[in-house]
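below are the sequence and a predicted model for it; my questions follow.
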Amino acid sequence: MKNISILGSTGSIGTQALDVVRSNKEKFKVVGLTAGKNIELLEKQIREFNPEIVAVMDEEKAIELKRKISHMDVEIFSGIEGLNEVATIESAHVVLTSVVGMVGLVPTMKAIEAKKDIALANKETLVTAGKIVMDAAKKNKVKILPVDSEHSAIFQSLSGYENKDINRVILTASGGPFRGLKRQEVKDKKVNEALKHPKWNMGKKISIDSATLMNKGLEVIEAKWLFDVEPEQIEVVVHPQSIIHSMVEYKDSSIISQMGYPDMRVPIQYALTYPERMENNYEKTDFYKIGQLTFEKADTQTFPCLELAYEALKKGGSYPAVLNGANEELVELYIQDKIKFYDISDTIKEVLEVHDPKYNFSVKDIIQIDKWSREFVKNKFKGV
Ligand SMILES: NC(=O)C1=CN([C@@H]2O[C@H](COP(=O)(O)OP(=O)(O)OC[C@H]3O[C@@H](n4cnc5c(N)ncnc54)[C@H](OP(=O)(O)O)[C@@H]3O)[C@@H](O)[C@H]2O)C=CC1
Ligand SMILES: CC(=O)[C@@H](O)[C@H](O)COP(=O)(O)O
Ligand SMILES: [Mn+2]
C-alpha cells in the first residue's frame, strides 16, 4: 500500500489524482488532502477517502469546515502551516504537489526535508527555486517524479540513459487556443476565450499560461532543473495534436518520445506507481482517427512570454522567480478582466529589466524577491 498526501486535492490535477486512487484502492491510501478554499469539495473528498489530516489555506473556511464535520475523525489545519503539516505527515510515502503557484514551494521543501518522495505537478516550485529544491532532494535522497505531461514524457524517454548521452530535449506545445493568430487578432482576447484550451481541461492559471505560451516557458525552466540540461539543449516544438508529449534526442541522433491520448491521469498514475506500470481503462490512442502528427515553430512575435522565460533562465539567479511572481499577479488581473492580453508580456519584460538580481539565495530570499515582483505589478496597475 502506498500512502499519498495531496496538496491541492480540489483542483484539476488533485481531482484526477483522486480518480486514479479511486480505481486502485487496494494499492493507494490517501492520508492527507488540502484545498485553498473549496471546502464543499474537500468535505466530499474527506467522506470518500477518509484521510488522517487535511488543511485549508483560507483560515475562515478552515473554521467553517471544522464546524461542519466536527464529528469526523480527521484533523483540520489551516494556512501555510496547515499545508506544511499535510506535506510532512508521518504516514505519507509520497506527496503530490498540485497546488497552483509558488505557494507550493515551502510545503514541497518541507516534504523533501521529511524525506517524502515528491510527485511534482506544481511547476512554479522549480521555476522559482529549482536549484534549492533539486539540491535538497539529492541531500535527502528523495525522488522528484514529474507529473507535468511533457516532463513525464522526457522522464520516461530517458529510462536507462545518462545525461551525457543527451543532445537535446524537445518539449511539445499545443500552441494554445490562439495558435495561428497574429498580435492584432490576439490583443483584445478576453479570458473566456483564453480559457478554451484545445486539448486539456486544466485550472484557470495554467490555461491562461498556455494561451500566452508562458506555460511552455515555465516548462523550459522546469526541464532545466529536472534533467540538468542547458537552456540551449531545450527546444520547443508546436505539435497541435498533443499526442507526442515530448522527446529526447540522443547523441547518436536517435529520438525517443512518449506518446498517448492526452489524459493527465496517465502521467499522474506513472508518478505514483514508478518504476512500475499499472493497467487502466483510459482511452487508447487511435492513430487512424488522429491521421496526422504535425509540427510548427512557436510564434514568439505573437507570444513573447516564451522568449522572456528563456531570457530569464539564461540570465539565471533570481530572474526566473521574478518572471514567475509577476506572471502570477498578471494572470490573476487578466482573469479578473482588469488588464489586457499584452499587458502580461509587456509588464514581465519591464520587471525583468529593472530587477537587481541575486545569484545566491535561500527560500526566504526567494519569497522576498517574489513579493517585490508582485508589488511591481500591483503598483503598475494600482486602481484598475
Ligand atoms: N491541470 C493540469 O492538467 C496541469 C497542471 N499542472 C500544474 O499543476 C498545478 C495545479 O494546476 P491545476 O490543478 O490546473 O490548478 P487548479 O487551479 O485546478 O487547482 C489548484 C489547487 O490548489 C489550491 N489552491 C489554489 N490557491 C491556493 C493557495 N493560495 N494556497 C493553497 N492552495 C491553493 C486549489 O484549491 P481550491 O480548489 O480550494 O481553490 C486547488 O486545490 C499548477 O502548478 C499547474 O501548472 C501541470 C501540468 C498539467
Ligand atoms: C497537460 C499539461 O502538461 C499542460 O502543461 C499542457 O501541456 C498545456 O498545454 P500547452 O502545450 O498548450 O502549454
Ligand atoms: Mn505541461
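Sure thing, it's come through. Remember, predicted model here, so these are calculated numbers, not experimental data. Ligands and ions are numbered 1, 2, ... in the order given.

ok, Gly183 - contacts?
Small correction: residue 183 is Arg, not Gly. Residues near Arg183 by CB atoms under 8 Å, 6 or more residues apart in numbering: 301-302, 342. Every C-beta, even on glycine, is put in place using the N, C-alpha and C of the backbone.

type out the ChimeraX command that picks the buried ones from those.
Those of the contacts of Arg183 that count as buried under 16 or more other CB atoms under 10 Å are selected in ChimeraX with:
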select :302,342
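
between the contacts of Arg183, which is nearest Trp200?
Thr302 (20.4 Å; CB to CB).

my guess is that closest one meets Arg179, correct?
No - using CB atoms under 8 Å, Thr302 makes no contact with Arg179, being 9.1 Å away.

quick one: Asn3 and Phe28, what's the gap?
Noted for Asn3: a distance of 8 Å to Phe28, by CB to CB, to the nearest Å.

residue of the stretch 201-350 of the chain closest to ligand 3, please.
Glu219 (5.5 Å; CB to the ion).

er, the stretch 1-150 of the chain actually
Taking CB to the ion, the stretch 1-150 of the chain has Asp148 as its residue nearest ligand 3, at 4.3 Å.

what sits against the residue nearest to that residue when sequence neighbours are not counted?
Spatial nearest neighbour of Asp148, excluding adjacent residues (CB to CB, 6 or more residues apart in numbering): Lys123 at 5.7 Å. Lys123 makes contacts with 148, 218-219, 222, as judged by CB under 8 Å, 6+ apart.

in JSON lines: those residues, plus pLDDT.
Below are the contacts of Lys123 laid out as JSON lines (pLDDT from 0 to 100):
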{"residue": "Asp148", "pLDDT": "98"}
{"residue": "Leu218", "pLDDT": "98"}
{"residue": "Glu219", "pLDDT": "98"}
{"residue": "Glu222", "pLDDT": "98"}
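
what about the residues you listed, which are in strands?
Using DSSP state E, no member of the contacts of Lys123 falls in strands.

what's the farthest-apart pair in the residues you listed?
Among the contacts of Lys123, Asp148 and Leu218 lie farthest apart (CB to CB), at 9.1 Å.

number of nearby residues for Lys340?
By the criterion of other CB atoms under 10 Å, Lys340 has 15 neighbours.

whoops, Ser254 was the one
For Ser254, using other CB under 10 Å, the count is 10.

cool, the one 4 residues further on as well?
A total of 22 residues lie near Gln258 under the criterion other CB under 10 Å.

and it, how close does it get to Ser246?
Distance, Gln258 to Ser246, by CB to CB: 7 Å.

go on, Val331?
Where Ser246 is concerned, Val331 sits at a distance of 23 Å (CB to CB).

ligand 2 contacts on the chain?
148-150, 173-174, 176, 200, 210, 215-216, 264 (CB under 6 Å from any ligand atom).

switch the cut-off to 8 Å
By CB under 8 Å from any ligand atom, the residues of the chain that approach ligand 2 are 123, 148-150, 172-176, 197-200, 202, 206, 209-211, 213, 215-216, 219, 242, 245, 262, 264, 267.

just the ones of the residues you listed in helices?
123, 149-150, 206, 209-211, 215-216, 219, 267 (DSSP state H).
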